[in-house]
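A.B. asks: Just a sequence and a predicted model for now, questions to come.
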Amino acid sequence: MLDETLNRTKSFLPAGIVNFFRPAYHWSLAWLAAYHYRFPSRKIKVIAVTGTKGKSTTTEILNAMLEAAGHKTALSNTIRYKVGDQSQRNLFKMSMPGRFFAQKLIRQAVDAGCDYVIMEMTSQGALLYRHRFIELDTLVFTNLSPEHIEAHGSYENYREAKLAIARNMKYSHKPVRTIIVNTDDNEAQKFLNCPTEKKITYSIHDAEPYEIKKEGLEFSLDGQLVRSHLSGLFNLYNILAATACARNENAHPNDIAKVIENILTIPGRLEKIEAGQPFSIIVDYAHTADSLEKVYEIYKSSRIIAVLGGTGGGRDTWKRTKMGELADKYASEIILTDEDPYDEDPQKIVNDVASGIKNHKPTIIMDRRLAIREAIQKAQKGDVILITGKGTDPYIMGPKGTKIPWSDAKVAEEEVRSREKGK
């Protein structure tokens with residue numbers, strides 16, 4: 001309600017005045033939310049995960065590891081919110097919830113007797129001061145690459161927003177503040193420079209020797225061979241990040257290894273749709289060029305049918321052509337479709353993606369269900385359909401705030417069953 005009031009106020013105030021008062025407004029809301037719920041983060045261990053990619057997967061793996069170690073946990077990420085055994089899908093279309101929601105969730109975790117709250121923290125959340133007055137015990141940094149450039153103005157500003165989360169740890173009253181950093185990332189040192197009592201690092205070298213297959217991962221962990229159903233180098237990094245954090249919380253190595261081997265999938269992240277079809281269907285959140293290429297790389301030995309949009313309307317327009325180029329490079333069939341146009345012309349978004357496709361003639365089907373149906377109709381035994389861009393996103397976002405309830409996974413399963421019935 002307060003945000004709605006701000007949006008109405010912005011419509012008649014000069015931009016300079018709005019920008020001047022904006023930080024104070026967001027800081028005040030963050031403080032009020034923490035005050036209203038009696039500063040709950042001071043009463044529980046709070047672990048946050050930030051970075052460009054891998055946040056949700058890392059939080060899910062870490063949550064499973066801490067649960068396996070006998071802890072009661074709460075969780076907040078792009079996929080879901082949970083307190084103890086009560087879990088609900090994240091329907092807010094945002095990775096990091098509003099200030100009052102976040103503080104309420106932490107208070108619920110405290111009242112439910114949870115030992116930990118595990119939270120995904122984002123650069124856009126940091127711009128709105130959603131991280132303020134959440135007192136962290138531990139921050140995990142996964143990686144950094146260009147994203148949300150329109151929202152931040154530059155990559156440097158984007159990086160500063162991420163670093164603001166780490167620097168904010170100086171306000172935490174926790175006795176031992178810890179930062180866990182991926183040292184293979186170019187920005188690692190900047191995060192290690194942030195004020196914490198304890199600094200922990202991890203690297204891909206910690207998993208050597210490792211092997212990446214379509215079916216999953218094989219790698220070494222403390223000299224022990226471990227297998228995971230998750231695939232991709234990025235998932236190996238996510239596992240290493242969660243492992244480093246779980247170790248810091250004294251989780252037993254056997255519990256850690258068991259969790260790694262038992263996790264079958266992460267919703268919307270290389271999620272396999274199994275409906276009895278003789279080909280593979282993978283739903284993945286990949287919405288950056290880098291993430292998209294890493295997904296395509298896993299399945300490059302197969303015949304790929306790619307279903308993709310571009311990016312959300314009005315943002316990161318620079319990467320659309322690149323995403324088209326990647327589909328052109330790896331896929332045998334390309335189907336372009338609607339994703340989250342917001343107030344931008346969806347046809348223009350698709351055309352931007354198509355401009356990067358030179359060696360194939362893409363099929364353009366703006367109705368996302370019909371696009372997925374077309375891919376399933378075209379698929380033959382052994383093919384891989386890669387449906388990317390939305391993952392577990394619960395809506396297709398249209399103009400003026402309109403939204404259509406959505407699930408790539410559910411629609412894909414429905415369309416497979418419909419195809420089988422039609423035979």
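C.D. replies: That came through fine. Every value quoted in this text rests on a predicted model; they were computed, and no experiment measured them.
A.B. asks: Could you use CA atoms for every contact and neighbour count after this?
C.D. replies: Noted.
A.B. asks: can you tell me which residues contact residue 295?
C.D. replies: 232, 270, 286 (Cα atoms under 8 Å, 6 or more residues apart in numbering).
A.B. asks: Make TSV out of these and add secondary structure, distance to residue 263 and neighbour count.
C.D. replies: Below are those laid out as TSV (DSSP: H, G, I helix; E, B strand; the rest coil; distance: Cα to Cα, whole Å; neighbours: other Cα atoms under 10 Å):
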residue	secondary structure	distance to residue 263	neighbour count
232	coil	14	22
270	coil	13	23
286	coil	20	22
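A.B. asks: Closest to residue 122 out of those?
C.D. replies: Distance ranking of the contacts of residue 295 against residue 122, using Cα to Cα, places residue 286 first at 16.4 Å.
A.B. asks: hmm, back to that, just give me the least confident of the contacts of residue 295.
C.D. replies: Of all the contacts of residue 295, residue 286 has the smallest pLDDT value, namely 92.
A.B. asks: Am I right that that residue is in contact with residue 292?
C.D. replies: Yes: contact criterion Cα atoms under 8 Å: residue 286 and residue 292 qualify, at 5.1 Å.
A.B. asks: any residues in contact with both of those two?
C.D. replies: residue 388.
A.B. asks: ok, back up a step: can I get the contacts of residue 295 in a markdown table with distance to residue 72?
C.D. replies: Output for these, formatted as a markdown table (distance: Cα to Cα, whole Å):
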| residue | distance to residue 72 |
| --- | --- |
| 232 | 29 |
| 270 | 27 |
| 286 | 31 |
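A.B. asks: looking only at pLDDT, what's the mean for stretch 363-374?
C.D. replies: 98.
A.B. asks: okay, how far is it across that stretch, tip to tip?
C.D. replies: 9 Å (Cα to Cα, to the nearest Å).
A.B. asks: residues making contact with that stretch?
C.D. replies: Stretch 363-374 is touched from outside by 307, 334-339, 346-347, 350, 387, 411-412, 415-416, with contacts defined as Cα under 8 Å, 6+ apart.
A.B. asks: again, 7 Å this time
C.D. replies: 307, 334, 335, 336, 337, 338, 411, 412, 415 (Cα atoms under 7 Å, 6 or more residues apart in numbering).
A.B. asks: now, which of these sits nearest residue 203?
C.D. replies: Nearest to residue 203 among the contacts of stretch 363-374: residue 307, at 32.6 Å, using Cα to Cα.
A.B. asks: which residues touch that closest one?
C.D. replies: 334, 335, 336, 372, 386, 387, 388.
A.B. asks: Repeat that for residue 68.
C.D. replies: Per Cα under 7 Å, 6+ apart, neighbours of residue 68: residue 255.
A.B. asks: Please tell me how far it sits from residue 238.
C.D. replies: Following Cα to Cα, the distance that separates residue 68 from residue 238 is 18 Å.
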